[in-house]
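Trainee: using only what follows, build the 3D model:
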Amino acid sequence: MSEKFVIAIDQGTTSSRAIVFNHAGDVHSVGQLEHEQIFPAAGWVEHDPAEIWNNVREVIGQALSKANLTRHDIEVVGITNQRETTVVWDKNTGEAVYNAIVWQDTRTQDIVDELAANGGTDRYKETVGLPLATYFAGTKIKWILDNVEGARERAEAGDLLFGTTDTWVLWNLTGGTDGGVHVTDVTNASRTLFMDLKTLAWDEEILADFGVPLSMMPEIRSSSEVYGQVHTNQLLREVPVAGILGDQQAATFGQAAFTAGTAKNTYGTGCFLIFNTGTEIVNSTNGLLTTMAYKLGDAKPVYALEGSIAVAGSLVQWLRDNIGMISSAPEIEELAAKVDDNGGVYVVPAFSGLFAPYWRSDARGAIVGLTRFANKNHIARAALESTAFQTREVLDAVNADAEVPLTELKVDGGMVANEALMQFQADILGVPVVRPKVTETTALGAAYAAGLAVGFWKDLGELETNWSEDKRWEPSMDEETRERNLRLWKKAVTRTFDWVDEDTKA
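Mentor: Next up, the predicted model:
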């Protein structure tokens, strides 16, 4: 019998990818296309849903052709996605009523304030695990219904559908207006502000508070089951689609963090630490989110604590595209390597406010500690270090919430290729940092979830044996230096507070 493969669609914040994996969990081929980042106003971030869907179709073709494969070689399709990014479309035409509003977008702060006036930002936290914040999909849906002409009337008539980008891709992949499947999984549903973590169902009272009709919402399913088949007009026609995980949960799954107390940190556009709490719902008192880790078929749901950092790799992108300090992302490591330390410079990239553990929507980015001695090398180093400092603050919150402190951190994502950053991360955490051999863990997690559903892999134990360590960084910084760095970082963070007021709404 010829070798079979699994294909994962990774619909991310900056690009869409299709990655083909073999049974050993190794990458066989990749297709990738970036999509436009649209900034209509300060604090607004959008994507074109039609461009995303067209790119997904194209990258599937790229991945298949590079490996000389056809649909007959593909056993199953998995999907992973940028989680809170919100698409609202007409089920009759298949056209989005507005651009996708991206998870980084902060335009909905007035909606947050309005809803928080009765009960504060933790008004729904006991039910959904999340504070009221611009980050999550719920406020974005309400903004579209409130601001796009005719949208609310069409929604109430049952003509509009909502989905995060997993749902948008799945609906189109399975036929769109010709019988497309309108489904999401528990991990993505848990990022809307609308899913009850205990019942795994939409909370109709919260939907009513937001003015969002239940008819818009996709059916909530597990992360690993057959949702439908690819439509006959697609390259992968008749191949089952059987796994969905939001990108951070997918990376956790790809890292084989299946037991309570295991964790991973993904360094991508943002930075996201997920700590598996098993079948127990742990409510954070330290600024973390309570979220779904995954649910496999009929098995009990698995929960997690999450520390979400809005800006990590996108800070490097900003230095490249907005400031022109570098012409390509890898250059930042070269600049940072030219100096022994940050020269007293700290960069706090609060472009969308601060996420965990602060949740300060009034914060904005700052570069502090500048002197005539400082140069672009120090700024480059400080930019990289900001990701490590933010991760340390999130890990402190995890250790405060969890009964068992984390003893090592598994890492993945684009920035883990930066070895100087990984060493600094170990130094500032004071625990080892471990990189796996396969760093495409987000797509791998979606492939695993899909493969489990159809028997391509038999159980979690088989997936655990696929995981192997590539490199480990041990902390080498002395305690006094670490504490001084952290003290100055925290001082820098406080300088970003209270920037947005009535005169600076952005």
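Trainee: need the three-state assignment for the nearest residue to residue 185 once chain neighbours are set aside.
Mentor: Once flanking residues are discounted, residue 185 sits nearest to residue 244: 3.9 Å by Cβ to Cβ, 6 or more residues apart in numbering. Yep, even glycine has a C-beta here, placed from its N, CA and C like the rest. Taking DSSP: H, G, I helix; E, B strand; the rest coil as the rule, one finds residue 244 in the strand state.
Trainee: also residue 36?
Mentor: Counting by three-state DSSP, the backbone at residue 36 sits in coil.
Trainee: residue contacts, it?
Mentor: Residues in contact with residue 36, defined by Cβ atoms under 8 Å, 6 or more residues apart in numbering, are 47, 48, 51.
Trainee: could you rerun that using 7 Å?
Mentor: Applying Cβ atoms under 7 Å, 6 or more residues apart in numbering, one finds that residue 36 lies in contact with 48, 51.
Trainee: do the same with the one 10 residues further on
Mentor: Taking Cβ under 7 Å, 6+ apart as the criterion, residue 46 is in contact with 38, 40, 99, 100, 101, 102.
Trainee: type out the PyMOL command that picks the buried ones from those.
Mentor: Per 16 or more other Cβ atoms under 10 Å, the buried members of the contacts of residue 46 correspond to this PyMOL selection:
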select buried, resi 99+100+101+102
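Trainee: farthest pair in the contacts of residue 46?
Mentor: Using Cβ to Cβ, those span at most 12.5 Å, a distance reached by 40 and 100.
Trainee: now do the strands in the stretch 301-450 of the chain.
Mentor: According to DSSP state E, counting those that start in this stretch, the stretch 301-450 of the chain carries its strands in the segments 302-309, 346-348, 366-368, 409-412, 433-436.
Trainee: now those in a markdown table, with mean neighbour count?
Mentor: Shown next, in a markdown table, are the strands of the stretch 301-450 of the chain (neighbours: other Cβ atoms under 10 Å):
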| stretch | mean neighbour count |
| --- | --- |
| strand 302-309 | 26 |
| strand 346-348 | 25 |
| strand 366-368 | 18 |
| strand 409-412 | 24 |
| strand 433-436 | 21 |
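Trainee: turn those into TSV, including mean pLDDT and distance to residue 206.
Mentor: Shown next, in TSV, are these (pLDDT from 0 to 100; distance: least, Cβ to Cβ, whole Å):
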stretch	mean pLDDT	distance to residue 206
strand 302-309	91	19
strand 346-348	95	33
strand 366-368	95	35
strand 409-412	90	33
strand 433-436	92	38
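Trainee: so which of those strands is nearest residue 320?
Mentor: Residue 320 lies closest to strand 346-348 among these, at 14.3 Å (Cβ to Cβ).
Trainee: and the closest one, what other elements does it pack with?
Mentor: In terms of contacts (3 or more Cβ pairs under 7 Å, 6 or more residues apart in numbering; DSSP states H and E), strand 346-348 is packed against strand 366-368, helix 376-401, helix 479-494.
Trainee: please identify the most buried of those.
Mentor: Among the helices and strands packed on strand 346-348, ranked by average contacts under mean count of other Cβ atoms under 10 Å, first place goes to helix 376-401 (a mean of 22).
Trainee: state the mean pLDDT of that one.
Mentor: Averaging pLDDT along helix 376-401 gives 92.
Trainee: what helices or strands is it leaning on?
Mentor: strand 271-278, strand 302-309, helix 313-321, helix 331-336, strand 346-348, helix 419-429.
Trainee: now do that helix against strand 302-309, angle only.
Mentor: Put simply, helix 376-401 runs at 150 degrees to strand 302-309, going by axes from the mean of the first three to the mean of the last three Cα atoms, to 10 degrees.
Trainee: distance from the chain centre to helix 376-401, please.
Mentor: 18 Å (Cα atoms, centre = their mean, to the nearest Å).
Trainee: could you list the low-pLDDT ranges of the protein?
Mentor: Applying pLDDT under 70 to the chain picks out residues 1, 502-506.
Trainee: the nearest residue in space to residue 384 that is not next to it in sequence: what's it in contact with?
Mentor: Ranked by Cβ to Cβ, 6+ apart and with sequence neighbours excluded, the top spatial neighbour of residue 384 is residue 421, at 4.9 Å. Residue 421 makes contact with 384, 387, 388, 415, according to Cβ under 7 Å, 6+ apart.
Trainee: the second one - nearest residue in space that isn't next to it in sequence?
Mentor: When you say that, I think you mean residue 387. In space, and not counting its chain neighbours, residue 387 is closest to residue 312: 4.6 Å by Cβ to Cβ, 6+ apart.
Trainee: could you pull out the helices for the stretch 1-150 of the chain?
Mentor: Ranges of helices within the stretch 1-150 of the chain are 49-66, 109-116, 125-128, 137-147, based on DSSP state H, counting those that start in this stretch.
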